[in-house]
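> quick check, what structure comes out for this input:
(2 chains)
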Amino acid sequence: GQQLNQSPQSMFIQEGEDVSMNCTSSSIFNTWLWYKQDPGEGPVLLIALYKAGELTSNGRLTAQFGITRKDSFLNISASIPSDVGIYFCAGPPIRDDKIIFGKGTRLHILP
Amino acid sequence: SAVISQKPSRDICQRGTSLTIQCQVDSQVTMMFWYRQQPGQSLTLIATANQGSEATYESGFVIDKFPISRPNLTFSTLTVSNMSPEDSSIYLCSVGKRGTDTQYFGPGTRLTVL
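As a prediction, this is how the structure comes out:
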């Protein structure tokens, strides 16, 4: 089936560092979604992207819809402890009728 | 975005029993979905809950194991039947306008089967 390749799988960073993660696929997407999941909670939508090349920010978060429509990235600037969690990319592959999810990037902040 | 609640938030169940999970939304929504998230894994769509008709199941999920009801536009239930330890997961409901549109998730139900 369709797959989203999300990397890195996990990251260990110092507070204050910038973070970058990405998602790629062999399929074309019409929408890219980025979610964050805290332990014991459901995923929360961070950013939705609807157009190739689109660059959207939400506070310290910035995400881009790749020009090829096969990838997207999420950046977090000046990380803080509450950024810890799992970040999922998601989207509907073209000609599909449902959303698929990447395997997630686990962000850890070192004390 | 809609406010979504799920009950129970967690449960520990015995093998062979069934558990019904409820999902309530504070406004009418077109589409409701049920996902499973196995420990340390990503989200897998179980089915789309259709109002007034049978749910649409994804490959690998069947109605006998995961019966779903959706009596109106704000409420749905998922039953996990004849449970085994392999059913231990987080079960999440989500809502959206279409299957390919942005989805918003409930807080999840953490199920442990002994």
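> OK, contacts around the residue nearest to A:Leu4 when sequence neighbours are not counted?
Leaving aside its sequence neighbours, A:Leu4 sits nearest to A:Gly102 (Cβ to Cβ, 6 or more residues apart in numbering or on different chains; 3.9 Å). Every C-beta, even on glycine, is put in place using the N, C-alpha and C of the backbone. Counting by Cβ atoms under 8 Å, 6 or more residues apart in numbering or on different chains, A:Gly102 touches A:Leu4, A:Asn5, A:Gln6, A:Cys23, A:Phe88, A:Cys89, A:Ala90, B:Ser42.
> just for chain A, where's the confidence low?
A:1 (pLDDT under 70).
> within range of chain B, give me the residues from it.
A:30-31, A:33, A:35, A:40-45, A:48, A:88, A:90, A:92, A:96-99, A:101-104 (Cβ under 8 Å from any Cβ of the partner chain).
> give me the buried subset of those residues.
Listed as buried from the residues of chain A next to chain B are A:30-31, A:33, A:35, A:42-43, A:45, A:48, A:88, A:90, A:92, A:96, A:98-99, A:101-104; burial here means 16 or more other Cβ atoms under 10 Å in any protein chain shown.
> filter the residues you listed down to just the ones in strands.
Of these, the ones assigned to strands by DSSP state E are A:Leu33, A:Tyr35, A:Leu45, A:Ala48, A:Phe88, A:Ala90, A:Phe101.
> how about the strands in chain B?
B:4-7, B:10-13, B:19-25, B:31-37, B:44-49, B:56-57, B:68-72, B:75-80, B:89-96, B:104-105, B:109-113.
> mind listing what the second one pairs with, with the direction of each?
If I follow you right, that is strand B:10-13. Note on strand B:10-13: by DSSP bridges, its sheet partners are strand B:109-113 (parallel).
> before we move on, what about the first one?
Strands flanking strand B:4-7 in the sheet, each with its direction: strand B:19-25 (antiparallel) (DSSP bridges).
> any residues touching the partner strand, and which ones?
In contact with strand B:19-25 (Cβ under 8 Å, 6+ apart) are residues B:2-8, B:11, B:13, B:32, B:34, B:74-80, B:83, B:91, B:93, B:95, B:106, B:109, B:111.
> near chain A, which residues of chain B show up?
So far as Cβ under 8 Å from any Cβ goes, chain B lies against chain A at B:1, B:4, B:41-45, B:48, B:58, B:92, B:94, B:99-108, B:110.
> buried only: go through those residues for me.
Counted by 16+ other Cβ under 10 Å, the residues of chain B next to chain A give B:4, B:42-43, B:45, B:48, B:58, B:92, B:94, B:99-100, B:102-108, B:110 as buried.
> and for A:Leu110, the neighbour number?
By the measure other Cβ atoms under 10 Å in any protein chain shown, the count of residues near A:Leu110 is 8.
> partner residues bridging it?
A:Gln14.
> what bridges to A:Phe73?
Bridge pairing for A:Phe73 - DSSP bridges - gives A:Asn22, A:Gln64.
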